[in-house]
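# coords please:
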Amino acid sequence: MSVLGTSLLNQIVNEKGIQTPSLILKQLNSSVISSLNKSDADSHAGMDIAICSIDLKSKTIEFAGAKRPLWIIRNGELISTSGDKFSIGSQFWDKESFTNHSISIATNDSVYLFSDGYADQFGGEHGKKLMTTNFKDLLISNQNKNMNEQRIVLSEYFEKWKGSNEQVDDVMVIGIKI
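So this is what the prediction gives:
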């Protein structure tokens, strides 16, 4: 699904020139369903994804998500914008379009998009999931660091948390400092 999604995203953005996040997701959803010849009864599986575009001149982010949020950390406070509650290619997609959010940003904001793999990883002393709350706390507590330092902290924390447990899912975290 990831390889198909990447190929389709390249077509949508680079060949068709679609730039609005909600329209990208709408086209991606249609293309995934067509590519896989999926009918409503075929599958419960789907692809969760978040897309944003940043306009530094107007200090805004446009964001759309399929079961993935966008987080902004501003002055030590986390601001969360939820994506829609359905996946790309899922039989549960019953809306005309995805929601496009326009969000004001400020200098020194940190913007994060991520898969669910980081928070869903089993580990720690009791072999439990890391959980979203701990992931949020880790990001907030490291806001004084630059993005490369945050990458190192996140990677080391994840590996220590995981320990000898097998990695359960893909892990992707994108952080941008405005």
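# May I have the helix or strand of the chain with the lowest mean pLDDT as CSV, with CA atoms only?
Scoring the helices and strands of the chain by mean pLDDT, DSSP states H and E places helix 2-10 at the bottom, with a mean of 86. What follows is helix 2-10, C-alpha atoms only, in CSV (Å, rounded to 0.1, in the frame of the first residue of the first chain):
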residue,chain,number,x,y,z
SER,A,2,2.9,2.4,0.8
VAL,A,3,4.5,1.9,-2.6
LEU,A,4,1.2,2.4,-4.4
GLY,A,5,0.5,5.5,-2.3
THR,A,6,3.9,7.1,-3.0
SER,A,7,3.5,6.5,-6.8
LEU,A,8,0.0,7.9,-6.8
LEU,A,9,1.0,10.9,-4.7
ASN,A,10,3.7,11.7,-7.2
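# I'd like the distance from that helix to the chain centre, please.
The gap between where helix 2-10 is centred and where its chain is centred comes out at 15 Å by C-alpha atoms, centre = their mean, to the nearest Å.
# What of stretch 153-165?
Distance, centroid of stretch 153-165 to centroid of chain: 20 Å (C-alpha atoms, centre = their mean).
# go on, stretch 56-63?
Relative to its chain's centre, stretch 56-63 lies at 17 Å (C-alpha atoms, centre = their mean).
# Also stretch 75-92?
8 Å.
# for stretch 112-125, same thing?
12 Å.
# what's the answer for stretch 110-128, then?
That offset, for stretch 110-128, works out to 13 Å (C-alpha atoms, centre = their mean).
# Rounded mean pLDDT for it, please.
Here the mean pLDDT over stretch 110-128 is 96, rounded to a whole number.
# buried ones in it?
Going by neighbour count (16 or more other C-beta atoms under 10 Å), the buried part of stretch 110-128 is 110-119, 121-124. Placement of C-beta: from N, CA and C, glycine included.
# which ones are touching residue 70?
The contact partners of residue 70, taken as C-beta atoms under 8 Å, 6 or more residues apart in numbering, are 50, 52, 61, 63, 80-81, 83, 101, 103, 111-113.
# Give me the pLDDT value at residue 12.
So residue 12 comes in at 94 (pLDDT).
# Tell me how many other residues surround it.
Look at residue 12: counted by other C-beta atoms under 10 Å, it has 20 neighbours.
# per-domain residue ranges of this protein.
1-67+85-105, 115-178 (automatic domain parsing).
# picking that back up, please check the contacts of residue 70 and keep the buried ones.
Among those, those buried by neighbour count (16+ other C-beta under 10 Å) are 50, 52, 61, 63, 81, 83, 101, 103, 111-113.
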